[in-house]
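*Asks:* Structure of the sequence below:
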Amino acid sequence: MESDHQPKLSPVRAFQVLHGSYLEEDPSTSLSEYHDYEPSLEFDDSELIQASGLAPLPPELLDISISEDLLDRPASDGTIEENFEEVLAPTTEVYTEIDEDFTELSRAGVIEVVGDDEIGRRIIVVSACRLPPSKELHPDTLLRYFMFTLDKYVEQDYSVVYFHCGLTSQNKPPLSWLWKAYKAFDRKYKKNLKALYLVHPTNFIRIVWQMLRPAISVKFGRKMMYVNYLHELHQYLNLDKLCIPERVLEFDKLMLSKNPRAAEAARRAFLKTDSKESIDSDAMEAVASSLSPPPTQQFGVSLQFIKENNPNMINSIPPVVRQCVEFLSRPEALETEGIFRRSANISVIKELQTACNRGEPINFRNDPHNAAVLMKTFLKDLEEPLMTFELHDEISKFCSWSPHQKARLVKILVLEKLPLDNYKLLKYIFQFLWLVQDRSCVNKMTSSNLAVVFGPNLSWRTDGQVTLQSIAPVNAFTDFLLENQESIFII
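*Replies:* Numbers count the residues shown, from 1 in each chain. Modelled structure (predicted):
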């Protein structure tokens, strides 16, 4: 007699058992099984290559217990969130030794904090060519040094620039160390990281990224950007501030000499800057050549250039600004939480810029953040700030003006001293921003929040240097314009 407690099989499962066709479910596929091709690597990548293709990942990478909930998700469905580490176990902890001496690493210049970018975010530079040989430096010591340095800055927004040139089999950490480092840098480090620039990436970097990608946060992945040449990095950061190693400069020169098209793009990128003298003495000689931008160009040129090449431009408003404002003026866009504060995919913004500069239609992909970032980028890339270099010193004194003088002095500055075309564009933008802050109960963008976003993009010094101290009066001036725009913009 059968026991009442014997588990019952479903009809389908019973059929499988009886016919010998029932098998246990296959274990989850390892990361390396997604990439069974043999890459063309540019230096010693023995950890990645075997005779038949890629080697399996080290045990350290595969020794991960993942919850059934996570395994049920497709590896590339884009649903893994920033705090995904909570469902991964075990977590490798890296303990920082008390009073550990990092003097030698500091002297080598492996990590350098080089100042702020154009909106006051700290820039941290990591140079692979300055890494000591692996036999002289334990990888865990290097990891603790990274964390020791970043701990001072992770509470504020920051960006990381990694120069990959110079990483060899002699100073390259083990592949398993990369995963260990990723797990050690928890959400505290990743939350305020706004961009990770991988400069001069090799196939090694690309292959490792593809292998780790299924387990890496989607949000973190969006912050990473490949930069093949220094002139591409120049579009985002002031290269003069980065203290680029000589070896990296020489490597970039060599790469440009092999790619005439990239060399031409470099000439275009450096036409407006003095940094060409510090970046290259020979190859960048061509950067000074007078290569005029195409008439359809809108980014990186002056308002006068745009006006001269767009005779049908309405009321001195550049086409790209008008398209952004019209797209963002829709109710569903105006009510987007964090509009103008949230980041967008860097590669998408670059595509939109390229299309705009070619005179092609702009497709915002129905994403308000794309339009918002593109609008800010246009203002930041102007040859001269919208508020002009001449007026920057006066704006910098805004906080010292007495309250009863501010309205009069601001009107004199905006109505009398600002060029007419600049005034028309400023008025157009601030009338739109009034609509944005009017929905602040939904989008969380008050006038002070908008001032923090737009201030640094409206006024800056001639040398391009921006500090937190210099931003304060500019932001206060911008906030005052927003709060009083109806009485200031009268014509």
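
*Asks:* For residue 361, which non-adjacent residue is spatially closest?
*Replies:* residue 355 (7.2 Å; Cβ to Cβ, 6 or more residues apart in numbering). Where C-beta positions appear, they are placed from N, C-alpha and C, glycine not excepted.

*Asks:* Report the contact partners of that neighbour.
*Replies:* Residue 355 makes contact with 361-363 under the criterion Cβ atoms under 8 Å, 6 or more residues apart in numbering.

*Asks:* Which one of those is nearest to residue 180?
*Replies:* Nearest to residue 180 among those is residue 363, at 41.0 Å by Cβ to Cβ.

*Asks:* which among the contacts of residue 355 gets closest to residue 124?
*Replies:* Nearest to residue 124 among those: residue 362, at 33.1 Å, using Cβ to Cβ.

*Asks:* Around that closest one, count how many other residues there are.
*Replies:* For residue 362, the neighbour count with other Cβ atoms under 10 Å is 18.

*Asks:* Give me the three-state assignment for it.
*Replies:* coil (DSSP: H, G, I helix; E, B strand; the rest coil).

*Asks:* residue contacts, it?
*Replies:* Contact analysis of residue 362 by Cβ under 8 Å, 6+ apart lists 320, 323, 352, 355-356, 374.

*Asks:* now these as JSON lines including distance to residue 390 and pLDDT?
*Replies:* Output for the contacts of residue 362, formatted as JSON lines (distance: Cβ to Cβ, whole Å; pLDDT from 0 to 100):
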{"residue": "320", "distance to residue 390": "25", "pLDDT": "96"}
{"residue": "323", "distance to residue 390": "29", "pLDDT": "96"}
{"residue": "352", "distance to residue 390": "31", "pLDDT": "94"}
{"residue": "355", "distance to residue 390": "33", "pLDDT": "93"}
{"residue": "356", "distance to residue 390": "28", "pLDDT": "94"}
{"residue": "374", "distance to residue 390": "27", "pLDDT": "95"}
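
*Asks:* Out of those, which two sit at the greatest distance?
*Replies:* 323 and 355 (11.0 Å).

*Asks:* one step back: which one of the contacts of residue 355 is nearest to residue 391?
*Replies:* residue 362 (30.2 Å).

*Asks:* what about the longest helix seen in the chain, distance to the chain center?
*Replies:* In the chain, with assignment by DSSP state H, the single longest helix is helix 420-438. Taking Cα atoms, centre = their mean, to the nearest Å, one finds helix 420-438 lying 27 Å from the centre of the chain it belongs to.

*Asks:* how about that helix: buried residues?
*Replies:* Residues 421-430, 432-434, 436-437 are the ones in helix 420-438 that count as buried (16 or more other Cβ atoms under 10 Å).

*Asks:* on contacts alone, who are the packing partners of it?
*Replies:* Judged by 3 or more Cβ pairs under 8 Å, 6 or more residues apart in numbering; DSSP states H and E, helix 420-438 is in contact with helix 303-309, helix 319-328, helix 447-458, helix 468-483, helix 485-488.

*Asks:* who touches the helix or strand just after that helix?
*Replies:* Once helix 420-438 ends, the next helix or strand along the chain (criterion: DSSP states H and E) is helix 440-443. Helix 440-443 is contacted from outside by 334-339, 436, 446-447, 449, using Cβ under 8 Å, 6+ apart.

*Asks:* could you redo the last one with a cut-off of 10 Å?
*Replies:* Identification of contacts with helix 440-443 by Cβ atoms under 10 Å, 6 or more residues apart in numbering yields 331, 333-341, 368, 436-437, 446-450.

*Asks:* And it, what's buried?
*Replies:* For helix 440-443, a neighbour-count test (16+ other Cβ under 10 Å) marks residue 443 as buried.

*Asks:* ok, now stretch 132-139?
*Replies:* Under the neighbour-count criterion of 16+ other Cβ under 10 Å, stretch 132-139 has 134, 137, 139 buried.

*Asks:* now swap in stretch 318-333 and tell me
*Replies:* Within stretch 318-333, the residues that count as buried by 16+ other Cβ under 10 Å are 318-321, 323-325, 327-328, 333.

*Asks:* mind putting the residues you listed in TSV, distance to residue 202 included?
*Replies:* Below are the buried residues of stretch 318-333 laid out as TSV (distance: Cβ to Cβ, whole Å):
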residue	distance to residue 202
318	39
319	40
320	35
321	39
323	38
324	37
325	42
327	39
328	40
333	41
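
*Asks:* and of those residues, the nearest to residue 187?
*Replies:* For those, the residue nearest residue 187 by Cβ to Cβ is residue 333; the value is 29.3 Å.

*Asks:* OK, contacts around residue 459?
*Replies:* 385-389, 391-396, 466, 470-471, 473-475, 477-478.

*Asks:* Now residue 231: phi and psi?
*Replies:* Phi and psi for residue 231, reported as degrees, to the nearest 10, are phi -70, psi -20.

*Asks:* I'd like to know how far it sits from residue 324.
*Replies:* 26 Å (Cβ to Cβ, to the nearest Å).

*Asks:* Break down the stretch 51-200 of the chain into its helices, ranges please.
*Replies:* In the stretch 51-200 of the chain, the segments counted as helices under DSSP state H, counting those that start in this stretch are 59-62, 68-71, 103-108, 139-150, 175-184, 187-191.

*Asks:* I figured residue 145 was touching residue 111, is that so?
*Replies:* Yes: between residue 145 and residue 111 a contact is recorded at 7.1 Å, counting by Cβ atoms under 10 Å.

*Asks:* Give me the common contacts of the two.
*Replies:* Taking Cβ under 10 Å, 6+ apart as the criterion, residue 145 and residue 111 both touch 102, 105.

*Asks:* confidence score at residue 122?
*Replies:* Looking at residue 122, its pLDDT reads 80.

*Asks:* and the closest residue to residue 475 other than its chain neighbours, what does it touch?
*Replies:* Leaving aside its sequence neighbours, residue 475 sits nearest to residue 455 (Cβ to Cβ, 6+ apart; 3.9 Å). For residue 455, the contact set (Cβ under 10 Å, 6+ apart) comprises 119, 387, 395, 471-479, 481.

*Asks:* swap the cut-off to 6 Å and go again
*Replies:* Residue 455 makes contacts with 474-475, 478, as judged by Cβ atoms under 6 Å, 6 or more residues apart in numbering.

*Asks:* Below-threshold pLDDT in the stretch 151-300 of the chain: ranges please.
*Replies:* The model of the stretch 151-300 of the chain has pLDDT under 70 over residues 212-216, 269-292.

*Asks:* And the strands in it?
*Replies:* Secondary structure of the stretch 151-300 of the chain (DSSP state E, counting those that start in this stretch): strands located at 158-163, 193-199, 224-227.

*Asks:* Please identify the deepest-packed of these.
*Replies:* strand 158-163 (a mean of 22; mean count of other Cβ atoms under 10 Å).

*Asks:* in its sheet, what does that one sit against?
*Replies:* strand 122-127 (parallel), strand 193-199 (parallel) (DSSP bridges).

*Asks:* Any chance of a markdown table for those, columns distance to residue 222?
*Replies:* Below are those laid out as a markdown table (distance: least, Cβ to Cβ, whole Å):
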| stretch | distance to residue 222 |
| --- | --- |
| strand 122-127 | 19 |
| strand 193-199 | 10 |
